[in-house]
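Novice: give me a 3D structure for the following:
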Amino acid sequence: KRILLIMILSCFTAVGFAQLASEGDYRSVATGDWTNPATWQVRTSGTWVAATVAPLSTSNVYLQTGHTINIDAPDAYCKDLHWGFAGSPAVYGSVRLNTSNLNVNGKVRVYNGHAAPITTLGADATFYSGQASSTVTNAAQFTGSSTLGYLKFVGSTRDITVAGEWNGNGTVCYGIFALSPGETGTLNTGMKFRGLDIVSGNIVSNNGAFAIGSTAGTGVLTIQNGAKLTSSRSTQVITQSSSAACETLDIQVGGILELTNNNPEINCNNFINNGTVIYSGTNQNLAKTLLSGANALTAYANVTVNCGTGLNLPENAAITLSGNLKFTNGNLLIPFSSSLTLQNGNALIDGASATSYIQTLSSGATSGVLKIVGLSTARTIPVGSSNNFLPVTLNPLAVSNFDINVFSGATANALPNGTPLTAAQKLKMVDAV
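Specialist: The predicted structure follows:
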């Protein structure tokens with residue numbers, strides 16, 4: 001009985017590595033055009049038969065080793081897309097996108113197995129059981145002029161990549177994420193594209209980087225109106241490679257980038273930011289650049305602070321905010337060597353409270369500064385020190401600019417580290433300026 005149990009468990013383990021068979025699956029049987037039924041076999045009632053039509057948006061597609069499939073229509077469709085590879089050096093199943101869209105309604109996956117493609121009609125044989133998911137991705141999966149075409153992800157909420165089935169290397173085409181509005185696509189690995197547009201939906205990257213561009217300083221990642229990119233990655237979130245920056249990150253009006261880990265790094269040569277950046281998590285730092293040639297990320301349109309401990313601006317930095325500042329949770333901390341300029345003094349500051357406000361830090365005679373530009377109406381600015389919430393109300397008689405800082409340890413001349421007050425004087429006041 002014990003031996004039988006071990007054998008049964010072993011069978012379950014083997015099945016765990018295989019892809020499940022589905023009615024309507026397609027597999028390539030030769031190099032050919034996507035729309036040509038002769039390129040495919042389709043799984044019907046548990047057996048493989050010659051296809052009579054091209055794959056549909058509900059069809060799982062397997063590109064078998066050594067077959068190159070040419071996209072010969074403006075748009076081609078599938079559900080899950082599986083690339084086969086085998087051998088050393090590796091031989092891939094590949095796709096030639098030309099200038100077309102390959103619309104994927106499911107996930108992308110790489111599998112190892114079947115050095116000789118399986119094309120026998122009839123039963124599944126080892127087609128599914130002989131596959132092992134892999135992370136070996138390579139530019140050879142895209143051939144010829146494929147770099148001009150788009151790998152396009154559409155449809156509803158799902159995992160688009162799964163750990164152990166993909167990695168961030170090798171994708172040399174352009175990418176589009178155009179999920180239905182309100183739907184979420186989750187990436188459990190990094191992804192690489194020549195350029196990427198996030199058009200609609202929320203794309204959630206679970207600790208994987210976006211590598212954008214074919215060479216150093218190339219490639220544009222655009223987050224369009226109504227679309228959102230959420231990344232939980234620490235260190236590199238968007239880049240060209242581990243050692244080179246991409247060309248541009250473009251957050252358009254209505255686009256949202258949310259960063260949830262504590263040390264996000266965005267390496268780009270151009271930071272075009274007309275949308276909203278949300279910093280969430282526990283203890284967050286403003287996104288930084290570390291690679292040579294990457295430009296500092298200093299200009300923001302709208303920022304949301306949703307950090308339990310706080311959002312820390314970088315040292316020795318001049319950060320500008322042209323739009324609205326929203327507080328959901330935590331303080332925004334300005335180091336003693338830095339400034340934050342609200343370029344539109346009348347813009348909205350929303351959600352601030354005694355536990356969520358702008359905090360200026362001091363060191364010696366120097367304090368971080370909040371700058372208000374072009375204020376024309378009375379408003380209360382939510383500022384304070386580490387120990388005290390001390391909002392200040394401004395009521396200008398004309399359009400005016402203000403510099404604000406708060407420090408603990410009140411002084412007679414109202415300067416950080418200035419002439420101290422006596423203990424008796426401090427008894428009847430808040431010990432801050």
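Novice: the closest residue to residue 119 other than its chain neighbours and residue 111, how far apart?
Specialist: Counting by C-beta to C-beta, 6 or more residues apart in numbering, residue 119 lies nearest to residue 29, which is 4.4 Å off, once chain neighbours are set aside. For every residue, glycine as well, the C-beta is placed using N, CA and C. With distances taken as C-beta to C-beta, to the nearest Å, residue 29 is found 17 Å from residue 111.
Novice: who's more crowded, these two?
Specialist: Taking other C-beta atoms under 10 Å, residue 29 and residue 111 do not tie; residue 111 has more neighbours (26 against 20).
Novice: for the more buried one, which non-adjacent residue is closest in space?
Specialist: Distances taken as C-beta to C-beta, 6+ apart place residue 131 nearest to residue 111, at 4.2 Å, with adjacent residues excluded.
Novice: that neighbour against residue 113, yeah?
Specialist: Yes: contact criterion C-beta atoms under 8 Å: residue 131 and residue 113 qualify, at 4.7 Å.
Novice: hey, what's in contact with both of those two?
Specialist: Overlap between the contact sets of residue 131 and residue 113, as judged by C-beta atoms under 8 Å, 6 or more residues apart in numbering, is given by residue 84.
Novice: my read is residue 175 is in a strand, agree?
Specialist: Yes: per DSSP: H, G, I helix; E, B strand; the rest coil, residue 175 lies within a strand segment.
Novice: burial count for the residue nearest to residue 111?
Specialist: 20.
Novice: extract the CA atoms of stretch 309-327 and return them as PDB.
Specialist: This file holds the C-alpha atoms of stretch 309-327, laid out as PDB (Å, rounded to 0.1, in the frame of the first residue of the first chain):
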ATOM      1  CA  THR A 309       5.000  56.000   8.100                       C
ATOM      2  CA  GLY A 310       5.400  58.700   5.500                       C
ATOM      3  CA  LEU A 311       6.700  59.700   2.000                       C
ATOM      4  CA  ASN A 312      10.300  61.000   2.100                       C
ATOM      5  CA  LEU A 313      11.500  63.500  -0.500                       C
ATOM      6  CA  PRO A 314      15.100  63.000  -1.500                       C
ATOM      7  CA  GLU A 315      17.900  65.100   0.000                       C
ATOM      8  CA  ASN A 316      19.300  68.100  -1.900                       C
ATOM      9  CA  ALA A 317      16.400  68.200  -4.300                       C
ATOM     10  CA  ALA A 318      14.000  70.800  -5.600                       C
ATOM     11  CA  ILE A 319      10.700  69.000  -6.300                       C
ATOM     12  CA  THR A 320       7.800  70.800  -8.100                       C
ATOM     13  CA  LEU A 321       4.100  70.000  -8.100                       C
ATOM     14  CA  SER A 322       1.900  71.700 -10.700                       C
ATOM     15  CA  GLY A 323      -1.400  70.100  -9.700                       C
ATOM     16  CA  ASN A 324      -3.100  68.600  -6.700                       C
ATOM     17  CA  LEU A 325      -1.700  67.100  -3.500                       C
ATOM     18  CA  LYS A 326      -3.800  64.400  -1.900                       C
ATOM     19  CA  PHE A 327      -3.300  62.800   1.500                       C
END
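Novice: state the mean pLDDT of it.
Specialist: Per-residue pLDDT over stretch 309-327 has a mean of 96.
Novice: do you know how far residue 55 is from residue 28?
Specialist: Distance from residue 55 to residue 28, by C-beta to C-beta: 10 Å.
Novice: anything in contact with each of these two?
Specialist: Joint contacts of residue 55 and residue 28 (C-beta under 8 Å, 6+ apart) are 40, 61.
Novice: list the contacts of the nearest residue to residue 72 once chain neighbours are set aside.
Specialist: Nearest residue to residue 72, sequence neighbours excluded (C-beta to C-beta, 6+ apart): residue 33, at 4.3 Å. Residues near residue 33 by C-beta under 8 Å, 6+ apart: 39, 69-70, 72.
Novice: likewise residue 393?
Specialist: Taking C-beta under 8 Å, 6+ apart, we find residue 393 in contact with 378-381.
Novice: now list the buried members of those residues.
Specialist: 379, 381 (16 or more other C-beta atoms under 10 Å).
Novice: check the contacts of residue 393 against residue 181 and report the nearest one.
Specialist: Of all the contacts of residue 393, residue 181 sits closest to residue 379, with 34.6 Å by C-beta to C-beta.
Novice: quick one: pLDDT of the nearest residue to that closest one once chain neighbours are set aside?
Specialist: Excluding the flanking residues, the one nearest residue 379 by C-beta to C-beta, 6+ apart is residue 394, at 6.1 Å. Here the pLDDT value assigned to residue 394 is 96.
Novice: ok, residue 394 - how many residues close by?
Specialist: 15.
Novice: from residue 369, how far off is it?
Specialist: The gap separating residue 394 from residue 369 is 15 Å, by C-beta to C-beta.
Novice: do the same with residue 233
Specialist: Residue 233 is 31 Å from residue 369, by C-beta to C-beta.
Novice: same thing with residue 220?
Specialist: Taken as C-beta to C-beta, the span from residue 220 to residue 369 is 34 Å.
Novice: residue ranges for the helices of the stretch 51-200 of the chain, please.
Specialist: In the stretch 51-200 of the chain, no helices are found when defined by DSSP state H, counting those that start in this stretch.
Novice: same thing with the stretch 301-433 of the chain?
Specialist: Using DSSP H, counting those that start in this stretch, the helices found in the stretch 301-433 of the chain span residues 423-426.
Novice: low pLDDT regions in this structure?
Specialist: Residue ranges of the chain with pLDDT under 70: 1-18, 145-146.
Novice: what's the span of stretch 306-325, first residue to last?
Specialist: 11 Å (C-alpha to C-alpha, to the nearest Å).
Novice: residues of that stretch that come out buried?
Specialist: Under 16+ other C-beta under 10 Å, the buried positions of stretch 306-325 are 306-307, 310-314, 317, 319-325.
Novice: cool, and stretch 216-229?
Specialist: Buried, per 16+ other C-beta under 10 Å, within stretch 216-229: 216-224, 227-229.
Novice: give me the residues contacting it.
Specialist: Against stretch 216-229 from outside (C-beta under 8 Å, 6+ apart): 177, 181, 193-203, 205, 210, 212-213, 238, 240-241, 244-258, 268-269, 275, 293.
Novice: got a quick PyMOL command for the buried subset of the residues you listed?
Specialist: This is the PyMOL syntax for the buried subset of those, where burial follows 16+ other C-beta under 10 Å:
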select buried, resi 177+193+194+195+196+197+198+199+200+201+202+203+205+210+212+213+238+240+241+244+245+246+247+248+249+250+251+252+255+256+257+258+268+269+275
